[in-house]
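Novice: One predicted model, sequence on top.
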2 protein chains.
Amino acid sequence: MDKKITPRRLAGFWELEPEKEVIFENMIDSIKGVFKTHCFLPLDTPVMELSEILLAKSGGEIDKEIYRFVKGSTDACLRYDLTVPLARFVAMNENTLSFPFKRYAVGKVYRGERPQKGRLREFYQCDADIIGDGALSLVNDAECVKLYADIFDKLDINICVEVSNRKVLFGLVRELRAEEKFSDIAIILDKLDKIGKQETVNLLKELSLSDQACDKLVRLVSISGKGEAIDEAEGLACDEAFKEGINELREVYRYLNALGVCEERYKINFAIIRGHNYYTGTVFEAYIEGKRNLGAVGGGGRYDDLAGYFSDRKLPGVGMSIGMSRLFNLLESEGMLRTEEICPVKVAIIPMGQTLEKALEISAKLQNAGVSCEVMAEEKSFKSKMKQAGKVGVPFVIILGEDEVKNNVLALKDMNKGEQQTLKFEDVLNIVG
Amino acid sequence: MDKKITPRRLAGFWELEPEKEVIFENMIDSIKGVFKTHCFLPLDTPVMELSEILLAKSGGEIDKEIYRFVKGSTDACLRYDLTVPLARFVAMNENTLSFPFKRYAVGKVYRGERPQKGRLREFYQCDADIIGDGALSLVNDAECVKLYADIFDKLDINICVEVSNRKVLFGLVRELRAEEKFSDIAIILDKLDKIGKQETVNLLKELSLSDQACDKLVRLVSISGKGEAIDEAEGLACDEAFKEGINELREVYRYLNALGVCEERYKINFAIIRGHNYYTGTVFEAYIEGKRNLGAVGGGGRYDDLAGYFSDRKLPGVGMSIGMSRLFNLLESEGMLRTEEICPVKVAIIPMGQTLEKALEISAKLQNAGVSCEVMAEEKSFKSKMKQAGKVGVPFVIILGEDEVKNNVLALKDMNKGEQQTLKFEDVLNIVG
């Protein structure tokens, strides 16, 4: 073949160099471990769904962000989140699943937007949801918050989950007789952090809300803190939904306390609203301590009805989500990745002279003992092999000459200390094992 | 919402019920563990590649089996294997990777064929490849065979890897002056198992080969066994490629011996040919002991040139592959799945009276100790909760009444033995931990 095709990857699609992939997979394994101790089951749905399923929300209308393709009789789209596939799965299996159904999923999702810094078209998302049959205790809302605490604990990252309840804002808006403007108001208040108080008030006024109404709204979303923040907000209105939200928030807060979640890991913040209209109660967002400006690393909340498009059964749920690819990129750019132990080789064996088969025998014995080991069998000089071992970061090298084989010993070099010892196999195993 | 959409999944796409997914993920974790002790690095490429990359082999011609779609300026296809993406990745990074490059990948691949029993359109494949720069020792061919032995050992499944070398057949064909018919001959001989000797001879004769030629070919592919099978075949020809293949096979066999691979786990079988023309040396297929009729659960071999379409650099490689979805379905239908321990819950706590918050405290303490535990907090009767715990297969239930809380003890029920004890937390932890 003469004419070569330039190897290229699709722009915005997720791919890590293997050393970084090691770190990424270790993160995912830690997270899965937490989900398992919390008794969540894994669910792995196809990356494609029938268009009529995926586009149910938009009434079949195709969003330009969605990858859709028609092949023969198949009209399908790549999933853009893990929630619609969950809804489809639960609706398909509602008679056999045992509720509350707790599932976690770590998978790729697709958004066909123009790729730009930080914007990915293929990326990993990590979700955990608890679905109830008809009703679902607020204990589950607290558990979702605790999941963040436990997960980021495992990842050695300090976070704080900021919790609110959409009923509180809705109730206040209703008391202010602006019920029909709720969505617009929510969208404006959601931007408070970015645009500041004054601009927020200006935008609210454009909805022709009274000064007093604007003032009350801004006051609510300015309240944050520990439990006392709930008491502080409580005085702002006496609407039923408002009271209900306050009580739910208090209950969730009490459960978080009972679950022994560390004080620093959660707080109340009425500025947490979450754009999505399908959140109907508890809402939360997780931020890395001291890096709130980088945005939330995860979020979620309570929804009344998971599978309304597919089933008559009322299936309320609460879920938490982490944008894994985004989190990874963020940790990398902040220099917070765990770079230790990315070298796949614990022990490299360099055979000298006629010792290759003995080297293979030793490597197999080390592997059987669980030590990641490989034989450097290629036709290269000793010098270049030592150089490569050093470059890759191999901690131990066994230099196997014919004398060592004769005397049934091994020359073990500690690459970090630069020391070399002649030892019996058992002693080598004790050191590297 | 009144009009409901019937929840359906794309036919032929991979999705397991969560309990089975637990088993599947345990299998994958075991396999990844083996790859790691063999010092392979993980690589996770996008499910989509640019069409010009994925269709390089076919000269850009679109195979009807391939899912392709054009979106704006993007012309992409879903990957149909994990090898082309590997070739693309290695060619893109050939100047920074350190060779031999050992990578494993577990991922979904796509074949747009009409779904039928056993035929999947989305399924998991698991590959491990070792890529050399210019040259690659036959030690790596042996390591790929050992990977099967170690992996299926971990999975508690007895297999035998049948090994051959395509140079042997090629050399014999060349000596028989039928070089230009090699592909046709290989395809016919590859079917020997299915169609039997007589039919094979008939088909060979249609290629107008002499009786004596047909006889020699059938004799070669009828040879199988331990090392002596190599000696037996050796006499059949003296072509250079033939001899080279025999010697390579002998060398690989010697390395397998040195690696201490159990005698039952591998054998020589000259009937192993592998359809793909890109295999140029060692070839192998893995079969489950006593179930050879079900077909190979994996296969692979040596290829001269991984990335010829993308790079001038000669990158020889050897790889092994397991069809994970196919293997799982096969094990399930044969009743060979490990169904123990699929229940995600080790301990379920049923709060009675005003003990919910204490129950949450205990569950958190058990989870911190690594015990998968959940509180049954829904508004349901004690009876129905016990029934559900039994149905799901929860091994331990803690019944937490107000008296237990007062006396700081726990009532622990062993669901398998049906026994109930009143214990201190520490004693419970000793039993369930």
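Specialist: Sure thing, it's come through. Just so it is clear, the model here is predicted, and its values are computed rather than measured.
Novice: What separation is there between the nearest residue to A:Ala229 once chain neighbours are set aside and A:Ile151?
Specialist: Excluding its sequence neighbours, the residue lying closest to A:Ala229 (Cβ to Cβ, 6 or more residues apart in numbering or on different chains) is A:Ile268, at 4.1 Å. No exception for glycine: its C-beta is placed from N, CA and C like everyone else's. The spacing between A:Ile268 and A:Ile151, counted by Cβ to Cβ, to the nearest Å, is 21 Å.
Novice: What pLDDT is listed against the residue nearest to A:Ala229?
Specialist: What the model reports as pLDDT for A:Ile268 is 98.
Novice: Could you give the number of residues near it?
Specialist: 23 (other Cβ atoms under 10 Å in any protein chain shown).
Novice: give me phi/psi at it?
Specialist: phi -90, psi 140 (degrees, to the nearest 10).
Novice: For it, give me its contacts.
Specialist: A:162-164, A:223-227, A:229-230, A:249, A:253 (Cβ atoms under 8 Å, 6 or more residues apart in numbering or on different chains).
Novice: which among those residues gets closest to chain B?
Specialist: A:Tyr253 (11.7 Å; Cβ to the nearest Cβ).
Novice: Let me know the secondary structure of that closest one.
Specialist: Using DSSP: H, G, I helix; E, B strand; the rest coil, the structure places A:Tyr253 in helix.
Novice: Test my guess that it contacts A:Ile230.
Specialist: Yes - taking Cβ atoms under 8 Å as the definition, A:Tyr253 is a contact partner of A:Ile230 at 6.7 Å.
Novice: So if I had to pick from those two, which one is more boxed in?
Specialist: The residue with more neighbours, out of A:Tyr253 and A:Ile230, is A:Ile230; 23 against 20, by other Cβ under 10 Å.
Novice: Could I get the buried residue list for the helix or strand A:Ile53 falls within?
Specialist: Using DSSP states H and E, A:Ile53 maps to helix A:51-54. Residues of helix A:51-54 classed as buried by neighbour count (16 or more other Cβ atoms under 10 Å in any protein chain shown): A:51, A:53-54.
Novice: out of these, which touch chain B?
Specialist: Contacts with chain B are made by A:Ile53 out of the buried residues of helix A:51-54, judged by Cβ under 8 Å from any Cβ of the partner chain.
Novice: A:Val252 versus A:Ile246, what's the distance?
Specialist: Taking Cβ to Cβ, one finds A:Ile246 at 11 Å from A:Val252.
Novice: any residues in contact with both of those two?
Specialist: Joint contacts of A:Ile246 and A:Val252 (Cβ under 8 Å, 6+ apart) are A:Asn165.
Novice: quick one: which of the two has more around it?
Specialist: Just comparing A:Ile246 and A:Val252: by other Cβ under 10 Å the higher neighbour count belongs to A:Val252, 28 against 20.
Novice: Pull the contacting residues for the more buried one.
Specialist: Per Cβ under 8 Å, 6+ apart, neighbours of A:Val252: A:138, A:141-142, A:145, A:163, A:165, A:282.
Novice: Serialize the residues you listed to TSV and add fields for secondary structure, pLDDT and distance to chain B.
Specialist: TSV is the format used below for the contacts of A:Val252 (DSSP: H, G, I helix; E, B strand; the rest coil; pLDDT from 0 to 100; distance: Cβ to the nearest Cβ, whole Å):
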residue	secondary structure	pLDDT	distance to chain B
A:Leu138	coil	98	9
A:Asp141	helix	98	11
A:Ala142	helix	98	8
A:Val145	helix	98	12
A:Val163	strand	98	16
A:Asn165	strand	98	18
A:Thr282	strand	98	15
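Novice: what's the closest of the residues you listed to B:Thr96?
Specialist: A:Val145 (41.9 Å; Cβ to Cβ).
Novice: and the gap between the closest one and A:Arg302?
Specialist: 11 Å.
Novice: what does A:Gln125 give?
Specialist: 19 Å.
Novice: same check, this time on A:Lys146
Specialist: For A:Lys146, the distance to A:Arg302 - Cβ to Cβ - is 15 Å.
Novice: Same check on A:Tyr278?
Specialist: 10 Å.
Novice: quick revisit: compare A:Gln125 and A:Arg302 and say which one has the larger neighbour count.
Specialist: Taking other Cβ under 10 Å, A:Gln125 and A:Arg302 do not tie; A:Arg302 has more neighbours (26 against 21).
Novice: Bridged to that one, which residues?
Specialist: Under DSSP bridges, the beta-bridge partners of A:Arg302 are A:Val318.
Novice: can you tell me which residues contact it?
Specialist: A:141, A:279-283, A:316-318.
Novice: now, the most widely separated pair of those?
Specialist: Between any two of these (Cβ to Cβ), the greatest distance is 14.4 Å, for A:Val283 and A:Pro316.
Novice: okay, those two: which has more neighbours?
Specialist: In this view A:Val283 and A:Pro316 are compared by other Cβ under 10 Å, and A:Val283 has more residues nearby, 26 against 20.
Novice: Kindly provide the distance from the more buried one to A:Tyr124.
Specialist: For A:Val283, the distance to A:Tyr124 - Cβ to Cβ - is 23 Å.
Novice: what does A:Lys383 give?
Specialist: According to Cβ to Cβ, A:Lys383 stands 41 Å off from A:Tyr124.
Novice: and what of A:Ile195?
Specialist: In terms of Cβ to Cβ, A:Ile195 sits 31 Å off from A:Tyr124.
Novice: Of the two, give the one with the bigger neighbour count.
Specialist: A:Tyr124 (21 against 12).
Novice: Is the more buried one in a helix, a strand, or coil?
Specialist: Going by three-state DSSP: A:Tyr124 is strand.
Novice: show me what contacts the closest residue to it other than its chain neighbours?
Specialist: Of all residues not flanking A:Tyr124 in the chain, A:Met324 sits nearest, at 3.8 Å (Cβ to Cβ, 6+ apart). Contacts of A:Met324 were listed using Cβ under 8 Å, 6+ apart, and they are A:24, A:27-28, A:106, A:123-126.
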